[in-house]
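> Need a 3D model of the sequence below.
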Amino acid sequence: MSNCSNFNVLPTQSGPQFGYNICNSSTQGANSLCQTLIVNSAADFCLWGSPSPDGSIGDEEAKVVAYCTQNTHGARPIPGGAITGLQFMKTSAYIQIVGFIDNTAIGLAANDSGGELDPHGADLQGNPLGGVVYSNGTTDSKDGALAQVLSWNLFVGSGQFCVKICDNSITSPNYCLNTYDLVGCEYNMPSHVQNGTFTSCEGDLQDVVGIYTVDGTTSTWSMPATLESPPPFTPRVPASSNCQTFQATDLFVFASTTSGTAQATGTGSSGSGSGGSGSGSGGATSTSTSAQSSALISIGVPPALYALGLGVIAGVALVL
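Next up, the predicted model:
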């Protein structure tokens, strides 16, 4: 499809939408205004970012655009080396990715502290307005096909990001609450992520945000309008298992085409944590096609979608 149409909103609603949802090879590139987010695996996901350089989430949340690790979604590329560590977690109710990123790689000012994006927003039209999320990794997906995700949230800023997409079939409890935006990734998506390490794990379910247990007593904390002190509890990090550790070049296509100096460490392992420790920034060196294939398939990317990741079919068209 060569033409892209905007998602129209009624005149009585806020808008119009800044970008579009029909995203394919004709929209792929640094100037894409695609507002369709894909979250599939540790190797294949997108983040919301500013459409213009030195942006801030507070100013741009209604018109953020998609930046992706693969070049098949009609969006803007996340350059190699921008992501310096992550932990992908697949559970029985949601998929979650927590990681570290160079703010400027997704259009944000280097010092932007960021914020939350979600399908609701103050005007109930979503941040971004008209933005949608798809995945082939939830239980709603059939035979590896992309399915729309209705409940999700994403934080980005201060050199970090976290995104969680919840299965549509599980509505209670709600693991994708959008009412705790002031406490960020630490409380909304607790993890063992470490900068310099790239892991993909299976995991137990986290506690519902705001619900905590101390000395056998379960309580609920409601976030105030202004956060003057930390919540009265430390979030529990769920146990993880079957963890595999990868190099950045095993995961990201763009890492093989962007120069840099640092690599993640490890060649595949299992355990209950998020892998080894380390630090690093910048890009990574190239890897072979066969190595990429093995890594992508081993973390659950179907071979057909791996072929898409190499650009065999350059574009995915998604229509609301």
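> Averaging pLDDT per element, find the lowest-scoring helix or strand in the protein.
helix 303-309 (a mean of 31; mean pLDDT, DSSP states H and E).
> and the gap between Gly137 and Gly80?
Taking Cβ to Cβ, to the nearest Å as the measure, Gly137 falls 23 Å from Gly80. Heads up, the C-betas are built off the backbone N, CA and C, glycines and all.
> Can you give me the neighbour number for the residue nearest to Thr27 when sequence neighbours are not counted?
If the residues on either side of it in the chain are set aside, Thr27 comes closest to Gly74, at 4.1 Å by Cβ to Cβ, 6 or more residues apart in numbering. Residues lying near Gly74 (other Cβ atoms under 10 Å) number 29.
> Could you grab the helix/strand/coil label for Gly74?
Following DSSP: H, G, I helix; E, B strand; the rest coil, the label given to Gly74 is coil.
> how about the strands in the stretch 151-300 of the chain?
Taking DSSP state E, counting those that start in this stretch to define them, one finds strands in the stretch 151-300 of the chain at 151-157, 160-166, 198-203, 211-214, 217-220, 240-246.
> Which one, of those strands, ends up nearest to Pro128?
Among the strands of the stretch 151-300 of the chain, strand 151-157 comes nearest to Pro128, with 10.7 Å by Cβ to Cβ.
> Now do that closest one against strand 160-166, angle only.
Here strand 151-157 runs at an angle of 180 degrees relative to strand 160-166 (axes from the mean of the first three to the mean of the last three Cα atoms, to 10 degrees).
> Strand 151-157 packs against which elements?
When contacts are defined as 3 or more Cβ pairs under 8 Å, 6 or more residues apart in numbering; DSSP states H and E, strand 151-157 sits against strand 46-49, strand 115-117, strand 160-166, helix 184-188.
> For that strand, give me every contacting residue.
With contacts defined as Cβ atoms under 8 Å, 6 or more residues apart in numbering, strand 151-157 is touched by 37, 39, 47-49, 57, 101, 103, 106, 108, 112-119, 133, 161-166, 168, 171, 174, 176-178, 181, 184-185, 188-189.
> Of those, select the buried ones using a ChimeraX command.
The ChimeraX command for the buried members of the contacts of strand 151-157 (criterion: 16 or more other Cβ atoms under 10 Å) is given here:
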select :37,39,47,48,49,57,101,103,106,108,112,114,115,116,117,118,119,133,161,162,163,164,165,166,176,177,178,181,184,185,188,189
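> can you pull the pLDDT of the residue most central in space within the chain?
Centrality entry for the chain: nearest residue to the mean C-alpha point is Val163, 4.2 Å, by Cα atoms, centre = their mean. You'll see Val163 listed with a pLDDT of 98.
> wait, isn't Gly144 in contact with Gly137?
No. Using Cβ atoms under 8 Å, Gly144 makes no contact with Gly137, being 9.1 Å away.
> So if I had to pick from these two, which one is more boxed in?
Taking neighbours as other Cβ under 10 Å, Gly144 and Gly137 compare with Gly137 leading, 25 against 14.
> Distance of the more buried one relative to Asn174?
When distance is defined by Cβ to Cβ, Gly137 is 19 Å away from Asn174.
> circling back to that earlier point, pick the most buried one from the strands of the stretch 151-300 of the chain.
Of the strands of the stretch 151-300 of the chain, the one with the most neighbours on average (mean count of other Cβ atoms under 10 Å) is strand 198-203, at a mean of 26.
> Parallel or antiparallel, list what pairs with it.
Here strand 198-203 is paired, per DSSP bridges, with strand 83-90 (parallel), strand 240-246 (antiparallel).
> Give me the mean pLDDT for stretch 48-66.
For stretch 48-66, the mean per-residue pLDDT is 95.
> And that stretch, what's buried?
Using 16+ other Cβ under 10 Å as the test for burial, stretch 48-66 gives 48-51, 55-57, 60-66.
> mind giving me CSV with those residues and columns for distance to Gly126?
Shown next, in CSV, are those (distance: Cβ to Cβ, whole Å):
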residue, distance to Gly126
Trp48, 11
Gly49, 16
Ser50, 17
Pro51, 16
Gly55, 18
Ser56, 18
Ile57, 14
Glu60, 14
Glu61, 10
Ala62, 8
Lys63, 11
Val64, 11
Val65, 14
Ala66, 14
